[in-house]
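Student: Just need the structure, nothing else, for what follows:
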Amino acid sequence: MSSRSTFPQFDILEILLERDFEFKHYKTLRPAKTGFVIPGFSFAKDFGRWAQFANGSETRGPIFNNQLLNKPLVIAFYSHHWGKKGLEQLVHLNNIQREVKANGGNLVVISPERPQALADVAWEHSLSLNFYFDYNNSLSKQFGVYDEKRPVWNQFTGIDEDAPLLATYVLNTAKQITYQHIDWNFENNFSGEDVLSAIYEAGTYKNNLRSA
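Tutor: Numbering: from 1, shown residues only. Model (predicted):
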């Protein structure tokens, strides 16, 4: 009996050198900040990209870009993939939407898709919100809250689908950001008072242009 140890035979070509493994360096997203101008910001002229709800019921009617962009605008990025936290975002927005309008502003929720359960969610929570479906994520990319090369699941636990960050902004009529909030830690919702204050500031900018 041979005292030599025997090992399974293998081809040297089967060995994968370390350099053959690709290591991807994911960078964190860099959302737009207060003071930034988003010069190309606009909504597509496609009625099919919109959904409007009033007290939970879906309504019909045209939405005109100039009417939205000629006033201070609250925009909130949302995806149903955020689950409970995303729903909290919608409810929080719904709680301030009347005051936003009373202070001379508009509010739009931007989602990369229209969830099948959106109508049910709106009805259950009596939402009065306007949704815009950013199917190719062009708007979320402009604001730096989405990048397919920087998936959110690499940064957040509990989400395994690609989605924009839960981000809330206020723009003045020059498309300059007067307020921004990113929910990085799932603990702090945006401040309704700060949003309304930013709308007032944005409205002051427009009035100053008129008086100039």
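
Student: Flag the shaky bits of this structure, pLDDT-wise.
Tutor: Applying pLDDT under 70 to the chain flags the ranges 1-27, 151-161, 185-187, 205-212.

Student: what's across from the closest residue to A122 other than its chain neighbours in the sheet?
Tutor: Nearest residue to A122 in three dimensions, chain neighbours excluded: F53, at 4.3 Å (C-beta to C-beta, 6 or more residues apart in numbering). The way it works is simple: take the backbone N, C-alpha and C, and place the C-beta from them, glycine included. Judged by DSSP bridges, the bridge partners of F53 are E58.

Student: quick one, what contacts F53?
Tutor: Contact analysis of F53 by C-beta atoms under 8 Å, 6 or more residues apart in numbering lists 59, 119, 122, 127-131.

Student: Including distance to Q89 and neighbour count, could those residues go into CSV?
Tutor: Converted to CSV, the contacts of F53 look like this (distance: C-beta to C-beta, whole Å; neighbours: other C-beta atoms under 10 Å):
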residue, distance to Q89, neighbour count
T59, 21, 11
A119, 18, 16
A122, 14, 23
L127, 11, 24
S128, 15, 18
L129, 11, 20
N130, 15, 19
F131, 12, 22
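
Student: Let me know the closest of those to T173.
Tutor: Set against T173, the nearest of the contacts of F53 by C-beta to C-beta is N130 (18.1 Å).

Student: OK, contacts around the closest one?
Tutor: Taking C-beta under 8 Å, 6+ apart, we find N130 in contact with 50-53, 63, 106-109.

Student: Go through those residues and give me the one with the most neighbours.
Tutor: Compared across the contacts of N130, L107 has the highest neighbour count, 25 neighbours, by other C-beta atoms under 10 Å.

Student: Phi first, then psi, for it.
Tutor: phi -140, psi 130 (degrees, to the nearest 10).

Student: Does it touch L127 like I think?
Tutor: No - judged on C-beta atoms under 8 Å, L107 makes no contact with L127 at a distance of 11.3 Å.

Student: Relative to L93, how far out is the residue nearest the centre of the chain?
Tutor: Nearest to the mean C-alpha position of the chain, by C-alpha atoms, centre = their mean, lies F77 at 2.2 Å. The gap separating F77 from L93 is 11 Å, by C-beta to C-beta, to the nearest Å.

Student: What ranges does the protein have for its helices?
Tutor: 65-69, 84-102, 118-124, 138-142, 192-211 (DSSP state H).
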